[in-house]
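Undergrad: 3D, please:
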Amino acid sequence: MSATLTPLASDEFQAPGLGIFDWPPLVEGQAWFNKPALLALVGTLLVMVLTYIAFSRPKLVPRGFQNAGELAYQFVREQIARPNLGKDSDRWMPLLFTLFLFVLVMNLFGSVIFIQFPVMSRIGYPAILSIFVWLLVMYLGIKHQGPIGFFKNVMFPPGLPGWIYVLVAPIEFISTFFLRHITHAVRLFATMMAGHLIIALFSEVGWHFLATNLTPLGAPLGILGVAMTILLTAFEIFIQALQAYVFALLAAMFINDALHPAH
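TA: You can find the predicted model right below:
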């Protein structure tokens with residue numbers, strides 16, 4: 001006996017799936033140019049314009065965009081650069097500040113009405129940033145510690161019994177040169193993806209039970225869906241800012257480890 005799949009009725013609730021992360025091309029024949037790519041381009045231009053407005057004509061008493069820009073710059077300097085890079089912090093502030101702002105804007109797109117898609121929920125975007133940080137760390141480590149010293153300082157921390165290096169060396173090698181940079185991207189991607197999916201689920205619940213299938217029994221579920229969507233969106237804004245901070249913070253830590261031996 002062969003089994004057949006019965007299609008869902010139009011009034012049955014269907015939870016959103018991973019298909020909400022797939023976008024068709026905006027230009028025919030250009031598969032790469034979809035909504036996330038457009039948002040990445042817009043976000044890049046937005047960061048450039050906002051920073052230019054904030055810092056191109058500084059005044060003694062900051063106002064408006066300059067005030068907001070200086071607060072953001074001070075936050076990155078005091079909370080990310082100086083605690084991790086010390087005397088080298090000013091040198092790396094342009095990179096860390098740009099990383100923080102770029103990731104923040106890409107994440108906040110997920111909470112902007114009519115846009116509502118966090119670009120970093122597509123793995124390619126955080127992966128590119130993480131690969132850039134990895135290449136920079138490899139270059140700095142070899143330049144400042146030497147090609148042999150860089151790997152030696154990572155894989156053979158001093159003060160351990162000789163026999164234990166058989167275990168420590170491969171673990172440190174894989175962890176320092178690969179795993180932490182992979183998780184640097186995956187952490188940002190997974191957090192943005194999960195948050196967007198959960199908010200989409202509750203918003204779909206609200207829309208389904210209040211707009212398309214309003215019933216006395218379904219109305220409370222719809223109200224709950226709307227309430228949870230609002231609450232989770234507010235919480236997601238905090239998470240989006242937190243993940244931008246964490247991404248820039250880890251980049252600063254990796255750069256410091258390349259400039260100075262960790263052991």
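Undergrad: Quick check, central residue of the chain?
TA: For the chain, the residue nearest the mean C-alpha position is Leu188 (3.7 Å; C-alpha atoms, centre = their mean).
Undergrad: per-residue pLDDT, that residue?
TA: At Leu188, the model reports a pLDDT of 97.
Undergrad: what's near enough to touch it?
TA: Neighbour list for Leu188: 103, 120, 126, 243, 246-247 [criterion: C-beta atoms under 8 Å, 6 or more residues apart in numbering]. All C-beta atoms are positioned from the backbone trio N, CA, C, and that covers glycine.
Undergrad: Counting neighbours, which of the residues you listed comes out on top?
TA: Neighbour tally across the contacts of Leu188 (other C-beta atoms under 10 Å): the maximum, 30 neighbours, falls on Met120.
Undergrad: That one contacts Val103, doesn't it?
TA: Yes: the pair Met120 / Val103 is scored as a contact, 6.5 Å apart, by C-beta atoms under 8 Å.
Undergrad: Mutual contacts of those two, please.
TA: 126, 188, 243.
Undergrad: and Ala211, how many residues sit next to it?
TA: 9.
Undergrad: and Leu217, that's in a helix?
TA: No: with DSSP: H, G, I helix; E, B strand; the rest coil as the criterion, Leu217 is located in coil rather than a helix.
Undergrad: Got the phi and psi for it?
TA: Main-chain torsions, Leu217, degrees, to the nearest 10: phi -80, psi -30.
Undergrad: Any figure for the gap between it and Ala211?
TA: 16 Å (C-beta to C-beta, to the nearest Å).
Undergrad: How about Pro261?
TA: In terms of C-beta to C-beta, Pro261 sits 60 Å off from Ala211.
Undergrad: swap in Asn84?
TA: Distance of Asn84 to Ala211, given as C-beta to C-beta: 49 Å.
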